[in-house]
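J.: quick check, what structure comes out for this input:
(chains A and B)
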Number of protein chains: 2
Amino acid sequence: METQQNTSLFPKGDKLSNDYFTGNAFLHPLQAKDKNNEFALGSVTFEPGARTVWHTHPKGQVLIVTEGEGFYQEKGKPAQHLKKGDIVNIPEDIEHWHGASAKSKFVHIAITNYEGEKNVTWLQPVTEDEYNKVNK
Amino acid sequence: METQQNTSLFPKGDKLSNDYFTGNAFLHPLQAKDKNNEFALGSVTFEPGARTVWHTHPKGQVLIVTEGEGFYQEKGKPAQHLKKGDIVNIPEDIEHWHGASAKSKFVHIAITNYEGEKNVTWLQPVTEDEYNKVNK
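T.: Sure thing, here's the model as predicted:
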């Protein structure tokens, strides 16, 4: 029997730009930065194979994985495999990417801290070669 | 067939003190305040009937409902019914409570902002009369 628990926590939201995301990734915003909350809060859904480009956050970001399987990788380090219930505390100014595995959808909540008005610097895409290596 | 999607996102964690919570409520900590994250992050599970005492946050709190049904009520206002996927942006210094409905479990992630070293002031319990009114 299908129960409410089988549905995703949030809607997929709107497709994110392929300038910053390879493949099909979507953002459902949950809470904007305001006078109390010095972060943006949103749910990001990656279709299989979709991922961010390499990027940095000036004041870090926390990921809460809510569905599926994917990866988090810092430049020059092995990728971490991520699944539902995992938390990643991404440090400031560390070049990294995250996204779905080649065969699974991947959904995470992101808490993205601001330093002033800035919370991300986008860099170059994760190449097919870089991506295929972590999916081996 | 039971699938992974049917399980809760996080473990229940440890029982919270009845000084601050009526009934059985549990905390599974996810991320402590650190140099980047000016909040505590955790998953709170309320058994049916369980709720916080009245309290305030000096810099507000964001709730992300991940399972079940419950309530959020500010002093002197009608209670808001909450279900999976709902977000509450709780203002600073507003007396309020949250918790399960009488008949349902309730689980939320809490992002509790700090003002200096403080993130909550606990007040008096929600009385049976106050609680029964919102469950009518």
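J.: part of a strand, is residue A:43?
T.: Yes: Residue A:43: assigned to a strand according to DSSP: H, G, I helix; E, B strand; the rest coil.
J.: what sits against it?
T.: A:9-10, A:13, A:27-28, A:30, A:66, A:107-110 (CB atoms under 8 Å, 6 or more residues apart in numbering or on different chains). Quick note: C-beta positions are derived from backbone N, CA and C, even for glycine.
J.: rerun at 6 Å
T.: For residue A:43, the contact set (CB atoms under 6 Å, 6 or more residues apart in numbering or on different chains) comprises A:10, A:28, A:109.
J.: please indicate which of the residues you listed are buried?
T.: A:10, A:28, A:109 (16 or more other CB atoms under 10 Å in any protein chain shown).
J.: for the second one, give the beta-bridge partners.
T.: Listed by DSSP bridges, the beta-bridge partners for residue A:28 are residue A:43.
J.: give me the pLDDT for it.
T.: pLDDT, residue A:28: 98.
J.: pretty sure it sits against residue A:10.
T.: Yes: with contacts counted by CB atoms under 6 Å, residue A:28 reaches residue A:10, the gap being 4.8 Å.
J.: name the helix or strand for residue A:111, please.
T.: Using DSSP states H and E, residue A:111 sits within strand A:106-113.
J.: can you give me the buried ones in that strand?
T.: A:106-113.
J.: dump that strand to CSV, restricted to CA.
T.: Extracted in CSV, the C-alpha atoms of strand A:106-113 (Å, rounded to 0.1, in the frame of the first residue of the first chain):
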residue,chain,number,x,y,z
PHE,A,106,19.7,12.4,-5.1
VAL,A,107,17.9,14.9,-2.9
HIS,A,108,19.3,17.1,-0.2
ILE,A,109,18.4,20.1,1.9
ALA,A,110,21.1,22.8,1.7
ILE,A,111,21.7,25.4,4.5
THR,A,112,24.0,27.9,2.7
ASN,A,113,25.6,30.4,5.0
